[in-house]
Structure formats: structure tokens, C-alpha cells
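Trainee: would you be able to build a 3D model of this:
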Amino acid sequence: MASLKGIMFNQYAGEGLNHLIEEMQSKYKPKKGRRFNHNNITYEISRPVLNENCLEFEISSKIPQDELPTEKDMKAFFQQIKKVVNSQKKKPQSIEMENIIWDSKKETEKEREYVKLLYSYPLEDLYDDKEIIKRSKAYQEGAAKETLADIPGGFTTPGKIALLMVKEKVQEFCRNHVAILIEANKTVREKVKK
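Mentor: The predicted structure is shown next:
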């Protein structure tokens, strides 16, 4: 059973990812739901999930099948993306090539291959006790740069700050992972075209 802390963290992580999706959709070409398109590749950011004492989310990108004539080429593209992503400091918990059959009008089926990355963060990685104390002190002394919004579920100043930090950290982590995936797609695509 999830703890109250886990439930609250998941809620605010969800808000952070929703804001990030809005940011990506305004920066790039918006698509339906939790997706956006950049350079003719569709990306998607999942909702967060609480799994034991960790917060998990997935990001995915469509493999540009129209540029890759064979199944072997698609698998090679996936392996190159996997290599780039695994060279990063924070590696995904899992990297999969997923086949999605999409049928929007129930008349035609479109098969699409995706790179799906699962990231997992322990709840303790989503906030910093020292930073909470520092920010709380700034609010108490009236030295804070901005006012602390009313946060449902945050009954104390440190509690509100912790939830705000969860939202900020998840956004930061996911934004970095999306940037790495976008750059990986760009790099691997350029290699394929040569």
C-alpha cells in the first residue's frame, strides 16, 4: 500500500510532467494527448507511477520507419539510440523497442516502432532536506524571492516546499532525458543518412 508521502509525491510529479508536456508542445509541434513532434519524430511523456519507494515515468520516441527500409535498419537505429542513452550518467531502468498498432478510426491499422525508456527515481532523490530548511528560513524571514503558493496537502511551509521541489525535480529530470533522446535521434539519423 502506498504511503501518504508517495501519493502526494506522485500527484505533484504528475503536475510537473503535465507542465513539461505543455512546455514541449509550445516549443515543438503539439500532438494529441501527452505527445509532441520534433523533426518529424513523435515523442511522448507518460504519467508518473509510484512503484514501491520509487517514482517512475516513461519517455518514448517514434522510430522514423519511413527513413529505414528494412527491419534490420530499424533494429540498428534502436541499438544506436540505446547506446547513446546508456552512455549517460543517469541510465534508464529499461530500454525497449515497442511495436504499437494504432487504429484511430477502426478502419486502418498503422504499425509503429517506438523506443521506450523507463526512468525510476527513489522518492528521496526528489527533494533535498537542506534546501527545504534554507527555503523555509527565507520564507520565515521574508527574504524569499517569491511567495509560496497554497499547496493542497502541504500543511506546513516545509511540506509545501518539499512538494514544490518534487514537481521541480521531476520536470528537471524528465526535461534532461527528453533533450538527450532528441539529440540521440538527431545524431543517429545523421549517421543513417550517410
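Trainee: can you tell me how far the residue nearest to Asp73 when sequence neighbours are not counted is from Gln65?
Mentor: Nearest residue to Asp73 in three dimensions, chain neighbours excluded: Val192, at 7.4 Å (Cβ to Cβ, 6 or more residues apart in numbering). For every residue, glycine as well, the C-beta is placed using N, CA and C. According to Cβ to Cβ, to the nearest Å, Val192 and Gln65 sit 12 Å apart.
Trainee: sort out which residues of the lengthiest strand in the chain are buried, please.
Mentor: When every strand of the chain is counted residue by residue (DSSP state E), the longest turns out to be strand 110-122. Neighbour-count burial for strand 110-122 flags 113-121 (criterion: 16 or more other Cβ atoms under 10 Å).
Trainee: list the buried residues of the helix or strand that it is followed by.
Mentor: Downstream of strand 110-122, the first helix or strand assigned by DSSP states H and E is helix 129-140. Neighbour-count burial for helix 129-140, with 16+ other Cβ under 10 Å as criterion, is recorded at 132, 135-136, 139.
Trainee: residues in contact with stretch 119-134?
Mentor: 5-6, 9, 13, 51, 53-59, 90, 92-93, 158, 161-162, 165-166, 169-170, 173-174, 177 (Cβ atoms under 8 Å, 6 or more residues apart in numbering).
Trainee: is it possible to export the buried residues of helix 129-140 to JSON lines including distance to Gln80?
Mentor: Output for these, formatted as JSON lines (distance: Cβ to Cβ, whole Å):
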{"residue": "Ile132", "distance to Gln80": "41"}
{"residue": "Arg135", "distance to Gln80": "42"}
{"residue": "Ser136", "distance to Gln80": "46"}
{"residue": "Tyr139", "distance to Gln80": "48"}
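Trainee: which strand or helix spans Glu183?
Mentor: helix 157-193.
Trainee: report all helices and strands that that helix contacts.
Mentor: helix 4-27, strand 41-45, strand 54-62, helix 71-86, strand 110-122, helix 129-140 (3 or more Cβ pairs under 8 Å, 6 or more residues apart in numbering; DSSP states H and E).
Trainee: include distance to Lys186 and mean pLDDT when you put those into JSON lines, please.
Mentor: Below are those laid out as JSON lines (distance: least, Cβ to Cβ, whole Å; pLDDT from 0 to 100):
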{"stretch": "helix 4-27", "distance to Lys186": "15", "mean pLDDT": "92"}
{"stretch": "strand 41-45", "distance to Lys186": "9", "mean pLDDT": "95"}
{"stretch": "strand 54-62", "distance to Lys186": "11", "mean pLDDT": "95"}
{"stretch": "helix 71-86", "distance to Lys186": "10", "mean pLDDT": "91"}
{"stretch": "strand 110-122", "distance to Lys186": "13", "mean pLDDT": "87"}
{"stretch": "helix 129-140", "distance to Lys186": "34", "mean pLDDT": "83"}
